[in-house]
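[1] Test case, fold it:
(one chain, ligands or ions: 1)
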Amino acid sequence: MATPAAAANDEAARRLAPRLKALARPFVLLPAAWLLLLLACAVAAPLVAPYDPFHPDLKHRLEAPNALYWLGTDDLGRDTLSRLVFGARTALLASLESVAIGAVLGIGIGLAAGYLGGWLDRVAMRLADVMQSIPAVLLALALIGVFGKGLGNAMLAVGLIFSVSFMRITRAVVLAERERLYVDAARVLGLGPLAIMLRQILPNVAGPLVVQASISLGTALLIEAMLSFLGVGADSTQVSWGAMLETARQFQSEQPFLPVLPGVAITLTVLAFNLLGDALRDSLLPGGPRVPRRAAAVTAARPVADDVGWVEALPADTLLRIEHLTVRLQGPQGDAELLSDVSLHLRRGEVLGLVGESGCGKSITAAAIIGLLPPAARVSGGSVRLGETELVGMDEALARRVRGRRIGMVFQDAVAALSPVHTVGRQLIDAVRAHGGLDARQARARAIELLEMVGVPDAQRRMDDYPHQFSGGMAQRVVIAGALACDPELLIADEPTTALDVTIQAQVLDLLMELRERLGMSILLITHDLGVVADACDRVAVMYAGQMVETGPVREVLARPRHPYTAALLAAMPKGGGDAAVLATIPGRVPPAWAWPQGCRFHPRCPHAGEVCAGAAVGLVQGVRCVRVEGLEPWKGERVLL
Ligand SMILES: Nc1ncnc2c1ncn2[C@@H]1O[C@H](COP(=O)(O)OP(=O)(O)OP(=O)(O)O)[C@@H](O)[C@H]1O
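    Predicted structure coming up:
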């Protein structure tokens, strides 16, 4: 039977095959052959050309093709074939020069503008708008006026013009790419912006840039010919197809054949670059779906006080403590409070389950802990402490030291959390080296050790495999290995098993528990699944509509839920062996953050709600946020998990 890796290889080969086929069409092969021929002529021009392209032979001026001069001669009797061959060298060199200038400048600025945003982005975009509002040839002529005449300066001007398109394309793809999970994962590992831009994002956005470069080469060649035709490009010491056309224009009445060959050479070459660019676009840019961004999770230490003064005495070995954390978002719907006064703590070596329906604020809590909130959100109150370190308001340098080194993060979609264009080994080595200390050989050994630790068979060989060659469960093991690279004290696992099938879910969960035992780290486990909480967690915190509504030891909370929301979540769990038709659902849905209800936020959906519930805001008292808690027995009749 095929192994998952072999199946993944077959799948990759199956997906690659149509792309290679697309590249093997005549519309691709013919232009590629023409460009290769030109390249060979350009490189070996002195060997290929039958004559010196500058040598005049006035006895044979303006001749048609003949046995001596196969493609005829110009007004000074110079050999047209030799001039075409040397002209190819000028054309290719000039095009490469301008495209290289445009690419280096444009990609650099585009990466920084797209990834960092802010004033740099605004200034770059305004400059680009101004430059693109002027026709390219006019702008080139204006810049040549500034730099001076000559082919080098002309192509520098063209390069500057090209940098605008490279910048726009890079910025656009980086804006999309920076939202992808593997970029979040790299930030969580503590990689700096430069390393993320150059080593993570750039290889992943190379496709559109290669296409742009290919199309720009054709345009550059055309502009070079045009500028040389106008007399501001190549001078008399260089051979240029554009300058040959200008000569042909003057002597066309005496020798009509003169403009044909430089014209054909320019047309064919520009066409070849464009056709090749189109083919590359078809094969490199399949337009696959983008993976939506997901945020991360947190933990805290020390006594946690609720909003009515009840204080839970926190044990001395508390690692993470979150106190009165409030996060606000300035969104299109106005100002919203994504988290309201969230407090929780996590001891060393403890596993805390953070549960709640989608949209309750679990991921935002995690994102606040590692300082990776969405751009429009900010912490407006409260604190998050890891040991003695305050994480709220930490600067980027401290954040990078904390992420990856003290806090590791595991995401739901493991394959999306890995960069598709790098081998798994390279990504693990990057994670190991993100915080310095190890040379390349030691980092590789450590990466293999990590893969072995998380149970990836044949670790040494699998270092050279790409993420798509791993099954979902194995990819999740790789992500866990990356999160463990720097021995974090806290591991945040945001629904680490949701995307996996049931058997693999259990294996990954077992692995996390085993690693907790072996490494003594704390785990904040974000999940929808109370079954996972029952299996893996010591304590549980239940969130609803941006608030903590119940918290306590798993055995107590699941056996005797005190908040009606916790009881409703339990009732909504599938009951093994029972009649599926009796599965309870919670009426309604979690409201959006800008429409949290007054009073108890759960009251519109609560079967026990009374008038008092819609009144004043409800505080967390002795681990539960419900004004009617004394009079209710919401667990009665519910299935007990433990
Ligand atoms: N980037 C964002 N921009 C605007 N609002 C956001 C953003 N991320 C989350 N929210 C809002 O914050 C609230 C909490 O979302 P969060 O993602 O933390 O929920 P969750 O409990 O983790 O859900 P899920 O289980 O689906 O991940 C929701 O109302 C959500 O719409």
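[2] Write out the residues of this protein neighbouring the ligand.
    329, 331, 338, 356, 358-364, 374, 592-593 (CB under 6 Å from any ligand atom). C-beta here means a position set from N, CA and C on the backbone, and glycine is covered the same way.
[3] average pLDDT for the particular helix or strand that has residue 208 in it?
    Element membership of residue 208 [criterion: DSSP states H and E] is helix 206-229. When pLDDT is averaged along helix 206-229, the result is 88.
[4] If you count neighbours, what's buried in that helix?
    Within helix 206-229, the residues that count as buried by 16 or more other CB atoms under 10 Å are 207-229.
[5] likewise stretch 126-135?
    For stretch 126-135, a neighbour-count test (16+ other CB under 10 Å) marks 128, 131 as buried.
[6] Repeat that for stretch 139-150.
    Judged by neighbour count (16+ other CB under 10 Å), stretch 139-150 contains these buried residues: 139-140, 143-144.
[7] so how far is the helix holding residue 208 off the chain centroid?
    How far helix 206-229 lies from its chain's middle: 28 Å, per CA atoms, centre = their mean, to the nearest Å.
[8] and the next element down the chain from that helix?
    helix 241-251.
[9] Mind giving me the packing neighbours of that following helix?
    In terms of contacts (3 or more CB pairs under 8 Å, 6 or more residues apart in numbering; DSSP states H and E), helix 241-251 is packed against helix 80-116, helix 206-229, helix 260-284.
[10] Of all those, which one is nearest residue 604?
    The minimum distance between residue 604 and these falls on helix 80-116, with 41.6 Å, by CB to CB.
[11] The stretch 301-450 of the chain: helices as residue ranges?
    362-370, 396-402, 424-433, 440-453 (DSSP state H, counting those that start in this stretch).
[12] from those helices, which stretch is densest packed?
    The highest average neighbour count among those, using mean count of other CB atoms under 10 Å, belongs to helix 362-370 at a mean of 27.
[13] Go ahead and confirm residue 42 touches residue 92.
    Yes: with contacts counted by CB atoms under 8 Å, residue 42 reaches residue 92, the gap being 4.9 Å.
[14] Need the three-state assignment for the residue nearest to residue 81 when sequence neighbours are not counted.
    Among residues not flanking residue 81 along the chain, residue 71 sits closest, at 4.2 Å (CB to CB, 6 or more residues apart in numbering). At residue 71 the chain is in coil, as set by DSSP: H, G, I helix; E, B strand; the rest coil.
[15] And residue 454, how far from the ligand?
    24 Å (CB to the nearest ligand atom, to the nearest Å).
[16] tally of neighbours for that residue?
    22 (other CB atoms under 10 Å).
[17] what do you get for residue 58?
    With other CB under 10 Å as criterion, residue 58 counts 9.
[18] Now it: phi and psi?
    phi -70, psi -20 (degrees, to the nearest 10).
[19] Can you tell me, leaving aside adjacent residues, what's nearest to it?
    residue 77 (5.2 Å).
[20] Just the pLDDT for the one you found.
    93.
[21] Check residue 370 too.
    Per-residue pLDDT puts residue 370 at 90.
[22] Strands of the stretch 301-450 of the chain, start to end?
    For the stretch 301-450 of the chain, the strands defined by DSSP state E, counting those that start in this stretch occupy 304-305, 311-312, 318-331, 334-347, 351-355, 377-386, 389-390, 407-410.
[23] could you dump those strands to CSV with mean neighbour count, mean pLDDT and distance to residue 263?
    As requested, the strands of the stretch 301-450 of the chain are exported to CSV (neighbours: other CB atoms under 10 Å; pLDDT from 0 to 100; distance: least, CB to CB, whole Å):
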stretch, mean neighbour count, mean pLDDT, distance to residue 263
strand 304-305, 18, 38, 80
strand 311-312, 12, 46, 84
strand 318-331, 21, 92, 58
strand 334-347, 22, 91, 62
strand 351-355, 26, 95, 70
strand 377-386, 19, 92, 59
strand 389-390, 12, 90, 70
strand 407-410, 30, 91, 60
